[in-house]
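Chemist: Sequence first, then the predicted structure, then my questions.
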2 protein chains.
Amino acid sequence: MGKSRAEKKAELRNRLIEAAEIEIVEHGLAGLKARAITARAGCALGGLYTAFEDLDMLVVEVNSRTLKQLGAVLTEAVAQNATTPEQALQTLATRYADFAIEHQRLWLSLFEHRLAEGREIPEWHKKEHAVLLEVIVPHLEKLRPDMDKEQLLLRTRTTFAAVHGVVYLTLQGRIVGVPLPQLKSELVGLVETMTIGASLITRK
Amino acid sequence: MGKSRAEKKAELRNRLIEAAEIEIVEHGLAGLKARAITARAGCALGGLYTAFEDLDMLVVEVNSRTLKQLGAVLTEAVAQNATTPEQALQTLATRYADFAIEHQRLWLSLFEHRLAEGREIPEWHKKEHAVLLEVIVPHLEKLRPDMDKEQLLLRTRTTFAAVHGVVYLTLQGRIVGVPLPQLKSELVGLVETMTIGASLITRK
DNA sequence: AGAAAAATATGAACATCGTTCACGAAACAA
DNA sequence: TTGTTTCGTGAACGATGTTCATATTTTTCT
């Protein structure tokens, strides 16, 4: 007997998400074409639009997967390696860079994807980003016991953005970015500077 | 008498650059259309391609202007306000954020523009980015006299990227970014942390 | 099981891009 | 002025995301 309607729909969605993922890995987000995806997924062009609202929402699905994977990597890394807050933050920064390098195009699409003006990222996907901050908070908290919860979350965003900025400019190949071979050692230097500075501010 | 060929060509190029700049300000880089530019510049569609190699190279011209303006703002700001390296770096970060906020879409196009795979940004435009680092180097040098020239330039890239990352995630409206109202105070906190950390590392 | 109904996949067609090119107009050289 | 060179013009082209009438498939009803 054939599959039920719900089963086939779910299978098609999965095939499309995986096809899109492969296409992004091979050609980058800018090289993602609806026709290439549907050809790879083995369905007609229009099938994409019965399974998803449009191409953007398919990209959101791919980004959701990437974000889950990234979150798992960071969570595990810091769980196994958190003797001091300094070391925890070093580990997080290093693993973040490792993931970004290893899954360069998927990671880039996480931050390069934009919806058309006026459209909004679905709430469920927005929430998925929280893990990027949650892995940092407890360790920054030890460095800055003087801060209240609100200040701490804000500074966590700032800290993440600082590290992220270094990785992003490098992997994007921007002129002002750090050259790739020196990325990880520079990240160590940056995190060292920030953690030492943070401790000293607290202590004074 | 009519204008010479060179004059008319130069005038058309300027009209196109200005039209493109206005279009970016009004609709963002993603909303930049060749037809809208040529309509605003008062020439035929094909005119764009006799004046410039293609649309990308026109964007490079706009970015070149923005970069010159940004460089001038930073250079002037730090010239008038450099009693200590800490204060110089604070001033630079603040002015950088101010410029990014005030010229949001032009500034974003500076970092969002990508050339098709295989193509390269012209060398003359790559060199224009140097100013972003040059304004930082002398002050970071005072904080880190232990570093040689090469280390220093590398750490300058890292420092710029860290500050840039915070501003970028915010102005892009990324979920993990710092909310705009808190951007400048967070930048102050970040630069403070980095400068204090840098001094302490040097002294130890 | 068979027929009617509902849902869904299909891919040709459409609108909108960036880019090209044959042509005619304008500027230069003689 | 006349011939030559250069450049602006806009119709046409190819590529792209999206839509929709149609065909197919699945479900429901008798």
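Modeler: Received it, and whenever you're ready, just let me know what you need.

Chemist: Residue A:186 is in contact with residue A:94, correct?
Modeler: No. Counting by CB atoms under 8 Å, residue A:94 stays clear of residue A:186, with 11.4 Å between them. C-betas here are computed from N, CA, C, even on glycine.

Chemist: neighbour count winner among the two?
Modeler: residue A:186 (23 against 17; other CB atoms under 10 Å in any protein chain shown).

Chemist: Tell me how far the more buried one lies from DNA strand C.
Modeler: Remark: distance between residue A:186 and DNA strand C (CB to the nearest atom of the strand, to the nearest Å) = 35 Å.

Chemist: what sits against that residue?
Modeler: Applying CB atoms under 8 Å, 6 or more residues apart in numbering or on different chains to residue A:186 gives the contacts A:166, A:178, B:154, B:155, B:157, B:158.

Chemist: got the contact list for the fourth one?
Modeler: Just to be clear, that refers to residue B:155. Counting by CB under 8 Å, 6+ apart, residue B:155 has contacts A:186, A:189, B:140, B:144, B:147.

Chemist: how many neighbours does the last one have?
Modeler: For residue B:147, the number of neighbouring residues by other CB under 10 Å comes to 18.

Chemist: repeat for the fourth one
Modeler: Residue B:144 is flanked by 20 other residues according to other CB under 10 Å.

Chemist: What is the helix or strand of chain A with the lowest mean pLDDT packed up against?
Modeler: Using mean pLDDT, DSSP states H and E, helix A:5-27 stands out as the lowest-scoring helix or strand of chain A, at a mean of 94. Secondary-structure packing of helix A:5-27 (3 or more CB pairs under 8 Å, 6 or more residues apart in numbering or on different chains; DSSP states H and E): helix A:34-41, helix A:47-51, helix A:55-79, helix A:104-112.

Chemist: hmm, who's touching the helix or strand just after the third one?
Modeler: Scanning the chain past helix A:55-79 towards its C-terminal end, the next helix or strand to appear is helix A:85-102 (assignment: DSSP states H and E). Identification of contacts with helix A:85-102 by CB under 8 Å, 6+ apart yields A:69-70, A:73-74, A:77-78, A:81-82, A:107, A:135-136, A:139-140, A:142-143, A:159, A:163-164, A:167, A:171, A:180, A:183-184, A:187-188, A:190-192, A:194-195.

Chemist: measure the closest residue to residue A:111 other than its chain neighbours to DNA strand C for me?
Modeler: Once flanking residues are discounted, residue A:111 sits nearest to residue A:168: 6.5 Å by CB to CB, 6 or more residues apart in numbering or on different chains. From residue A:168 over to DNA strand C the distance is 25 Å, taken as CB to the nearest atom of the strand.

Chemist: Helix or strand for residue A:168, just tell me which one.
Modeler: Going by DSSP H and E, residue A:168 is in helix A:149-171.

Chemist: in that helix, what counts as buried?
Modeler: A:152-171 (16 or more other CB atoms under 10 Å in any protein chain shown).

Chemist: what's the pLDDT at the closest residue to residue A:146 other than its chain neighbours?
Modeler: In this structure, residue A:146 finds its nearest non-sequential neighbour in residue A:202, 5.3 Å apart by CB to CB, 6+ apart. Here, the pLDDT recorded for residue A:202 equals 91.

Chemist: Provide a list of residues in contact with residue A:202.
Modeler: Counted by CB under 8 Å, 6+ apart, residue A:202 has contacts A:143, A:144, A:145, A:146.

Chemist: Just say helix, strand or coil for the third one.
Modeler: It stands for residue A:145. coil (DSSP: H, G, I helix; E, B strand; the rest coil).

Chemist: so who does it touch?
Modeler: Contacts of residue A:145 (CB under 8 Å, 6+ apart): residue A:202.
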